[in-house]
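1. pasting the sequence and the predicted model now:
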Amino acid sequence: MFQNLLSLRHFSVVAFMAGLTLAGVVASPAQAQSQGLMLGECAHAAQGYFRNYEAQTDMKYNGRRVDGTHAINGNIYLEARMESFACSYAPDGNRMIRFFVEGREQNAYLPGHTRDSSRPSGGGDVMRVTGVSSGDLLNVRSGPSTNYRIIGKLGNGDRVRRLNCQMQGSSRWCEIEMITDMRERGWVNARYLK
């Protein structure tokens, strides 16, 4: 009987240890699933920003920062280029709190955020590019000044949708959206839009 009690006690310890091991195994996939959801949501934000939900992405979870937030970096592969982007998540991992692309925060693309209501008023008007010197093209930039990199070019007569405008020094810059299936976005000097 004493041996049976020892065997039963041994079985309980083994079962308890197996339960701990199983709990560890179960906890790991749950943690990985949470990271997977963050990676997928961050990739989706980039696809939404570039208006290309078919674009391939390459994602990496970079761990937790000192402040407890989660860091995610990614690349999106568009027709003729690759763009990098980053997302930050709240310490609990359930909410994206920052989306960074093309050199600046684009928090209007956070999940659950309504882009149209957050966008400064200034249009949605269809405009034509005018005033570009003959044989030249208008640079489309990733941000509202000549300090940002060139991401495209437009010629006289090209049509775009003006989204919003802002002053940078003495120049007015407008964010535009191409009138194409891809709806690429960029910034141009407002003096070339009519």
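-> Cool, the structure landed.

2. any idea which residue sits dead centre in the chain?
-> Geometric centre of the chain, nearest residue: Ala46, 3.6 Å, by CA atoms, centre = their mean.

3. using the three-state scheme, assign that one.
-> The three-state label given to Ala46 by DSSP: H, G, I helix; E, B strand; the rest coil is helix.

4. gap between it and Ile151?
-> Remark: distance between Ala46 and Ile151 (CB to CB, to the nearest Å) = 15 Å. Every C-beta, even on glycine, is put in place using the N, C-alpha and C of the backbone.

5. over to Glu54?
-> From Glu54 to Ile151 the distance is 20 Å (CB to CB).

6. neighbour count: these two, which is higher?
-> The neighbour comparison of Glu54 against Ile151 (other CB atoms under 10 Å) goes to Ile151, with 17 against 5.

7. residues touching the more buried one, list them.
-> Applying CB atoms under 8 Å, 6 or more residues apart in numbering to Ile151 gives the contacts 81, 102, 140-142, 184, 186.

8. hmm, try it at 7 Å
-> 140-142, 186 (CB atoms under 7 Å, 6 or more residues apart in numbering).

9. domain parsing for the chain?
-> 2-118, 126-192 (automatic domain parsing).

10. ranking the ones you listed by burial, who's on top?
-> domain 126-192 (a mean of 16; mean count of other CB atoms under 10 Å).

11. of the contacts of Ile151, closest to Asn107?
-> Relative to Asn107, the closest of the contacts of Ile151 is Ser142; by CB to CB it sits at 16.5 Å.

12. okay, now the unreliable bits of this structure?
-> The model of the chain has pLDDT under 70 over residues 1-33, 112-124, 180-182.

13. show me where it has helices.
-> With DSSP state H as the criterion, the chain has helices at 2-49, 115-118.

14. find the nearest non-adjacent residue to Arg95, please.
-> Tyr89 (6.6 Å; CB to CB, 6 or more residues apart in numbering).

15. tell me who's in contact with the one you found.
-> Tyr89 touches 38, 69-70, 95-97, counting by CB under 7 Å, 6+ apart.

16. if you set the cut-off to 8 Å instead, what comes out?
-> Contacts of Tyr89 by CB under 8 Å, 6+ apart are 38, 69-70, 72, 95-97.
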